[in-house]
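# Below: sequence and its predicted model.
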Amino acid sequence: MIFALGAFDGFHMGHRQLLCAAEERAAKIKTRWGVITFEGHPQQFFNSDAFKFLFTPEERTLLSMYLAVPVMDKIPFTRALADMLPADSLEYIALRNKIDGLVIGKNFRFGRARTGTPELLTMLCKERGWSLDVIPSYTMGGNVVSSTAIRELILRGNMENACKMLGHPYIIQGKIIKGDCRGRTLGFPTANMGVKTGKVYPRRGSYTALVNIGGVWYPAALNMGYNPTFEGIRSLRCETHIIGFSGDLYGTNLTVFLTSRNRDEMKFSNADELKIQLAKDIRAAETAGREYLTQNKAIMNKFGTLPL
């Protein structure tokens, strides 16, 4: 088999070049292809306090289904693996899979202290009779597409450019939990998801999103923030008003697709001022959400066929 090898925190447009190269190489020698990646991002293992991953394991699985990855070997990233010399780590991978060749990005590093380079891997693959394709960095508008660049865009709330680099909307999955029902009191009920430790979330504010329930796409207004208008609320909240939906979602898992940012978080003098702004946010989100669905029909239709 031919395997694309990497951390793949996001399956962005750069990663897709590796997947396509693996598929093409596999077709040439009439074999299958897949992905070898890690369960637990290596950077999070070494810097758990500072590093934020783009997608949870469940979200990555969804993206692998969206991209029709036929085989994905998720190797637990442990201290033992981190301490292996490059040749030993390659042997460890080889024992898990029947490998005919690998595909990596030009910045790929492996083995203890990241001492394994593409040049070393070229030599090691040659010794094993494997092919090795090293794929150049992918650029958009002169900027290299990378998970780091996408994280920075999301942290700034620049969802439009983050989505372009990803090739799809940014995804937040989670179980719907009981909130304080303030949205319902204001006339705009929300589906509230717990914020997951280690995941990167966008800058506080109001966003346009899309949600698929029962095979139907709904535009949504998502608020990320601390609800500063109300006293006593200090934990970060992720609240989504699904426009046109009125069912009960408590206890279910929801997948929210963020597409664009509407405004920064604001503190209002009273609930009535907040209510007026929320109505504006919802109108803006409905317009932008339906526009995104129209312009990106193929992407969203494909997501709509998956178990969300």
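Yep, that arrived.

# All the strands of the stretch 201-308 of the chain, residue numbers only.
Per DSSP state E, counting those that start in this stretch, the stretch 201-308 of the chain carries strands over the ranges 205-213, 216-225, 237-242, 253-264.

# Show me what the third one pairs with in its sheet, parallel or antiparallel.
To tie it back to what came earlier, the one meant is strand 237-242. Strand 237-242 pairs in its sheet with strand 191-193 (antiparallel), strand 216-225 (antiparallel), by DSSP bridges.

# could you give the angle of that strand to strand 253-264?
Orientation check (axes from the mean of the first three to the mean of the last three CA atoms, to 10 degrees): strand 237-242 against strand 253-264 gives 100 degrees.

# ok, residue 287 - how many residues close by?
12 (other CB atoms under 10 Å). For the C-beta atoms, the positions are set from N, CA and C on the backbone; glycine is no exception.

# if we can go back for a sec, got JSON lines for the strands of the stretch 201-308 of the chain, with mean pLDDT too?
Formatted as JSON lines, those follow (pLDDT from 0 to 100):
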{"stretch": "strand 205-213", "mean pLDDT": "97"}
{"stretch": "strand 216-225", "mean pLDDT": "96"}
{"stretch": "strand 237-242", "mean pLDDT": "94"}
{"stretch": "strand 253-264", "mean pLDDT": "96"}
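
# closest one to residue 48 among these?
Residue 48 sits nearest to strand 237-242 of all the strands of the stretch 201-308 of the chain, at 21.4 Å, using CB to CB.

# Next, the angle from the closest one to strand 205-213.
50 degrees.

# For residue 213, give the beta-bridge partners.
residue 216.

# who touches it in this structure?
By CB atoms under 8 Å, 6 or more residues apart in numbering, the contact list for residue 213 reads 242, 245, 247, 249.

# out of the residues you listed, who's nearest residue 93?
residue 249 (40.9 Å).

# Next one: that closest one from residue 305, what distance?
21 Å (CB to CB, to the nearest Å).

# So which of the two has more stuff around it?
Neighbours per residue (other CB under 10 Å) separate residue 249 from residue 305, with residue 249 holding more: 17 against 11.

# which strands and helices sit next to the host helix or strand of residue 160?
Under the criterion of DSSP states H and E, residue 160 resides in helix 159-166. Under the contact criterion of 3 or more CB pairs under 8 Å, 6 or more residues apart in numbering; DSSP states H and E, helix 159-166 touches helix 13-28, helix 147-155, strand 170-177, strand 253-264.

# Select, out of those, the one closest to residue 212.
So among the helices and strands packed on helix 159-166, strand 253-264 is nearest, using CB to CB, at 7.2 Å.

# Direction included, what does the closest one pair against?
strand 170-177 (antiparallel), strand 205-213 (antiparallel).

# Give the residue spans of the stretch 101-250 of the chain that score low on pLDDT.
Across the stretch 101-250 of the chain, residues meeting the criterion (pLDDT under 70) sit at 181-184, 232-234.

# redo that, cut-off 80
The stretch 101-250 of the chain contains residues with pLDDT under 80 at 179-187, 227-234.

# Would you check that residue 11 makes contact with residue 60?
Yes - applying CB atoms under 8 Å as the test, residue 11 and residue 60 come out as touching, 7.2 Å apart.

# between those two, which one's more packed in?
Per other CB under 10 Å, whichever of residue 11 and residue 60 has more neighbours is residue 11, with 26 against 22.

# residues in contact with that one?
19, 60, 63, 64, 67, 166.

# got the CA positions of the helix holding residue 160 in CSV?
Once non-C-alpha atoms are left out, helix 159-166 reads as follows in CSV (Å, rounded to 0.1, in the frame of the first residue of the first chain):
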residue,chain,number,x,y,z
MET,A,159,-13.1,32.3,9.3
GLU,A,160,-13.4,33.2,5.6
ASN,A,161,-9.6,32.7,5.0
ALA,A,162,-9.4,29.7,7.4
CYS,A,163,-12.2,28.0,5.4
LYS,A,164,-10.4,28.7,2.1
MET,A,165,-7.2,27.1,3.4
LEU,A,166,-9.1,24.2,4.8
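
# what's the distance between residue 188 and residue 83?
52 Å.

# which of those two has more neighbours?
residue 188 (19 against 12).

# hang on, that one packs against residue 285?
No - using CB under 8 Å as the test, residue 188 is too far from residue 285 to be in contact (11.0 Å).

# Now do the shared contacts for the two.
residue 221.

# how many other residues sit next to residue 94?
As a burial measure, residue 94 scores 13 neighbours (other CB under 10 Å).

# Quick check: nearest residue in space to it, chain neighbours excluded?
Leaving aside its sequence neighbours, residue 94 sits nearest to residue 128 (CB to CB, 6 or more residues apart in numbering; 7.2 Å).

# my read: that neighbour touches residue 93, true?
No - applying CB under 8 Å as the test, residue 128 and residue 93 come out as separate, 10.9 Å apart.

# Please consider this matter closed, and thank you.
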